[in-house]
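1. with the sequence up front, the predicted model follows.
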Amino acid sequence: MMLADEWYSSATLWAALAVPVGLLAGLVGAWATLQSANPKRRLDYWVSKPTPLLNTNGVGLEVRRNGNALTDPHVLEIQLLNRGRRDITSSHFDAGQPIRLDVGLPIIELLTTTSEPTSLHPPTTVIDGTALKIGPSLLARRQTVTFAVLVEGHSTQPGFQAALQDVSVKASWDPARRQASSISGVTAVGGLITTAGGALGPAVIAMGGRSNAFWTAVAVLLAGLWASAGSWWAATTWARRR
């Protein structure tokens, strides 16, 4: 019978440990190589549905700007999200051309511009008829810029034009859906890794002998560490991608 102080000489234990450790090391190495070799820049954009500025229900109210009455005033929210791992600088704007985000409705006024994190400055923005011209300006890594604009009308057909070098551009989901997707991703990935970690326990117990309390304790400890590390990695990774 093997003594407890001879645990380090157990071939079955080291064989059981080699599989998850080797797999984890391989995944970390592949991920690090991919990240360093592909410093991607990615810009997402989102345009909300028009929200009526007035809901008068027959009450005689009107909105005026510079003395002119607006017949169908609505508010649109527009977001730019740098979802990549690198800053998008003014040098990435080819020939200094700004991003042009056309909402398909006359833009009366830019009401607000906010940046998240708040420590980062929002880009320069100019109204051009039915479009916002944005930049050339710095869009920092993980920065989200939100514009609220006053428009005349409600039948919007957004269009996006950007001459950006080495930057992929795509339409994004609305903020509520993005948050729900992030939470679902954390739960799913964390659950899968927790399941894999829990499977280590029976494997080590079976290889070391079910009657050996020492191996049972080792198996439980390894499974707990594996599950905790996996859940933490999943949560932090998905949070950075939001």
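-> It's in.
2. count the neighbours of R100 for me.
-> Around R100 there are 16 other residues, counting by other CB atoms under 10 Å. Yep, even glycine has a C-beta here, placed from its N, CA and C like the rest.
3. next: the one 5 residues further on.
-> Neighbours of L105 under the rule other CB under 10 Å: 22.
4. give the contact list for it.
-> L105 is in contact with P50, H74, L76, T130, V151, E152, G153, H154, S155, T156, counting by CB atoms under 8 Å, 6 or more residues apart in numbering.
5. out of those, which sit inside strands?
-> H74, L76, V151, E152 (DSSP state E).
6. isn't there a strand covering S91?
-> No: counting by DSSP: H, G, I helix; E, B strand; the rest coil, S91 is not part of a strand but helix.
7. how much space between it and V167?
-> Separation of S91 from V167 (CB to CB, to the nearest Å): 11 Å.
8. how far away is the closest residue in space to P158 that isn't next to it in sequence from S119?
-> Of all residues not flanking P158 in the chain, V47 sits nearest, at 4.2 Å (CB to CB, 6 or more residues apart in numbering). Noted for V47: a distance of 26 Å to S119, by CB to CB.
9. more neighbours: the two, which one.
-> The residue with more neighbours, out of V47 and S119, is V47; 23 against 8, by other CB under 10 Å.
10. beta-bridge partners for that one, please?
-> V47 has these beta-bridge partners by DSSP bridges: I78.
11. just confirm it contacts D102, I think it does.
-> No: applying CB atoms under 8 Å, one finds V47 not in contact with D102, separated by 9.7 Å.
12. any shared contact partners between those two?
-> Jointly contacting V47 and D102 under the rule CB under 8 Å, 6+ apart are P158.
13. pLDDT (mean, whole number) over stretch 150-161?
-> The average pLDDT within stretch 150-161 is 87.
14. how long is that stretch from one end to the other?
-> End-to-end distance of stretch 150-161 (CA to CA, to the nearest Å): 21 Å.
15. now it: buried residues?
-> L150, V151, E152, G153, T156, P158, F160 (16 or more other CB atoms under 10 Å).
16. which residues sit against that stretch?
-> Residues from elsewhere that reach stretch 150-161 (CB under 8 Å, 6+ apart): 45, 47, 49-50, 52-53, 65, 70-76, 99-111, 131, 169, 171.
17. ok, stretch 107-119 next?
-> Residues contacting stretch 107-119 (CB under 8 Å, 6+ apart): 65, 70, 73, 75, 121-122, 125, 127, 129-132, 143-152.
18. quick check: buried residues in stretch 129-139?
-> Buried residues in stretch 129-139 (16+ other CB under 10 Å): T130, A131, L132, K133, I134, G135, P136, S137, L138, L139.
19. nearest to G84, out of those: which one, please.
-> Taking CB to CB as the measure, G84 sits nearest to L139 out of the buried residues of stretch 129-139, at 9.3 Å.
20. pLDDT-wise, which helix or strand of this structure ranks last?
-> When the helices and strands of the chain are compared on mean pLDDT, DSSP states H and E, helix 175-208 comes out lowest with a mean of 53.
21. beta-bridge partners for the closest residue in space to P50 that isn't next to it in sequence, please?
-> Excluding its sequence neighbours, the residue lying closest to P50 (CB to CB, 6+ apart) is H74, at 3.7 Å. Here H74 sits in beta bridges with P52, V151, going by DSSP bridges.
22. can you get me a residue count around H74?
-> By other CB under 10 Å, neighbour count at H74 equals 21.
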